[in-house]
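Peer 1: Attaching a predicted model along with its sequence, questions to come.
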Amino acid sequence: MSRNSANSDSKNTASKRFDLDAHLTGAVRGGLHADPATGALLTPIYQSTTYRQDAVGVHKGHTYSRASNPTVSALEEALGTLEDTPPAVCFATGMAAISAIFLALLKSGDHVVLSDVVYGGTVRLFDQVLSHFGLEASFVDTADPAAVKTAIRPSTRMVFIETPANPTLKLTDVEAIAKITRPAGLLLVVDNTFLTPLLLRPLDLGADITLLSTTKYIEGHNATVGGSIACRDERILDRIRLVRKTLGSIQSPHEAWLTARGIKTLPLRLQQHSRAAQIVAEWLEKHPDVSQVHYPGLTGFPQHDLAERQHALHGGMLSFELKLGAEAGIALMNAVRLCVLAENLGAAETLITHPVSMTHGDVPREMRERIGITDGLVRLSVGLEDPRDIIADLSQALDVARKTEPVAVYSSTR
Ligand code: PLP
């Protein structure tokens, strides 16, 4: 862990970009206040819809759990500690957080520039929902700042990037895009789900808003769904909270409690996820049946230099393709025994995912083909098992895939 100096006692913004140890205390202690009534160290699960008021207009800060809840507030404080922001705003899911950003900060007729490779749900949100309300989107290659500049129109209000992007791991240079958005008065939003604020610090690189699907690494145990938004501008946070209260998309106290528990081990888990993913990626790269491995930590990754400049570590996500094509990729995913064929990522268990039939099934085929989400692309969320066991499983699954008769390739309905 060359970037993770145990000797560093500097916890300023610059050191937090590359020093995971600078996050250890905040991850364990952020939002932790012993319960004044009982001394309970962890904020209890406040399973209450409403809060008795002392007199009309006089209360202790919470009035109704669609607006706020003490357990959710403790999580929001913990996330704010990680992000170096005021308390974050937590949502029932990552998609609820993404929806709130657009609904809170845009109006009919506004235009957004988005990364062409993003989570499929974000594409579906524009394609099948927000477009009905007069919001316009251009999906462009945000790895190329010139393409972002060209896509900006007089009606553009926001640039929304995902880096590393799901599922091809394409990177966007956050600082380079901020140099375009800041002078133009556009909001820069970063979906930081893959790396979390521990491994990538978009707000320190010039972004205005970051969001997380806390479903993934933040909670980390395949136990909850959730989302969060962090920002240093209180006016934006007020607007986001208003939209959350109005739409009714706050996270439940039980999910918030589990998510806050996950944060305590986040720095430790991210170190192991990153170490294991590097080992698995290097093994896959050398395997004769594998044609391409996408992992930012590989020296052969086309944007490796940017990854080294921008990330503290490279996280646990990778994707790959087989020389024998889509049928073999699908045979491999059907043959794993330790890895679990499932949607989700960022959890203790290694998950193998087929983006075309799962996470990106609603992305139109033409768009998928243009951005490299092929029918045979295999996405791997490297978990916390012994990486040698993960490799042994992939090895036996590759043997099966090599011998499997070609089957009809999965074909999405779109
Ligand atoms: N952003 C990214 C990068 C994702 O991978 C996902 C889900 O996979 C989401 C957002 C949506 O999050 P959720 O599933 O919690 O709604």
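Peer 2: Cool, got the structure.

Peer 1: Now do the buried residues in stretch 206-224.
Peer 2: 206-222, 224 (16 or more other CB atoms under 10 Å). All C-beta spots, glycine's among them, are computed from the backbone N, C-alpha and C.

Peer 1: and if you look at stretch 320-334?
Peer 2: So stretch 320-334, judged by 16+ other CB under 10 Å, has buried residues 320, 321, 322, 324, 326, 327, 328, 329, 330, 331, 332, 333.

Peer 1: Which of those residues fall in strands?
Peer 2: The members of these that map onto strands under DSSP state E are 320, 321, 322.

Peer 1: Which single one of those is nearest to residue 150?
Peer 2: Taking CB to CB as the measure, residue 150 lies nearest residue 321 of those, at 29.8 Å.

Peer 1: Mind listing the residues bridging to the closest one?
Peer 2: residue 292 (DSSP bridges).

Peer 1: doesn't residue 375 make contact with it?
Peer 2: No. With contact defined as CB atoms under 8 Å, residue 321 does not count as touching residue 375 (9.8 Å).

Peer 1: Quick check: neighbours shared by these two?
Peer 2: residue 329 (CB atoms under 8 Å, 6 or more residues apart in numbering).

Peer 1: For this protein, which helix or strand comes out least confident on mean pLDDT?
Peer 2: helix 13-16 (a mean of 71; mean pLDDT, DSSP states H and E).

Peer 1: give me the residue from the stretch 51-200 of the chain nearest the ligand.
Peer 2: For the stretch 51-200 of the chain, the residue closest to the ligand is residue 94, as judged by CB to the nearest ligand atom, at 2.3 Å.

Peer 1: burial of that residue, as a residue count?
Peer 2: 24 (other CB atoms under 10 Å).

Peer 1: From what I see, residue 77 and residue 43 are in contact.
Peer 2: No. Using CB under 8 Å, residue 77 is not in contact with residue 43, being 9.2 Å away.

Peer 1: where does this protein dip in pLDDT?
Peer 2: Residue ranges of the chain with pLDDT under 70: 1-14, 406-414.

Peer 1: please redo it, this time with the cut-off set to 90
Peer 2: Within the chain, the segments meeting pLDDT under 90 span 1-17, 36-37, 325-326, 357-359, 361-362, 369, 372, 374-376, 404-414.

Peer 1: ranges for the strands of it?
Peer 2: 89-91, 111-115, 136-140, 156-162, 187-191, 209-213, 227-231, 290-294, 317-322, 340-341, 351-353, 378-381.

Peer 1: Residue 25: which of these is closest?
Peer 2: The nearest among those, by CB to CB, is strand 227-231 at 18.7 Å.

Peer 1: looking at the sheet around the residue lying farthest from the centre of the chain, what are its partners?
Peer 2: Ranked by distance from the centre of the chain (CA atoms, centre = their mean), the top residue is residue 55, with 42.5 Å. Assessed by DSSP bridges, residue 55 has beta-bridge partners residue 58.

Peer 1: same check, this time on residue 341
Peer 2: Applying DSSP bridges, one finds that residue 341 bridges with residue 352.

Peer 1: distance of it from the ligand?
Peer 2: Using CB to the nearest ligand atom, to the nearest Å, one obtains 15 Å as the distance from residue 341 to the ligand.

Peer 1: quick one, what contacts that residue?
Peer 2: Applying CB under 8 Å, 6+ apart, the residues contacting residue 341 are 333, 334, 351, 352, 353, 354.

Peer 1: Flag every residue of the stretch 1-150 of the chain that's near the ligand.
Peer 2: With the criterion set to CB under 6 Å from any ligand atom, the stretch 1-150 of the chain comes near the ligand through 93, 94, 95, 119, 121.
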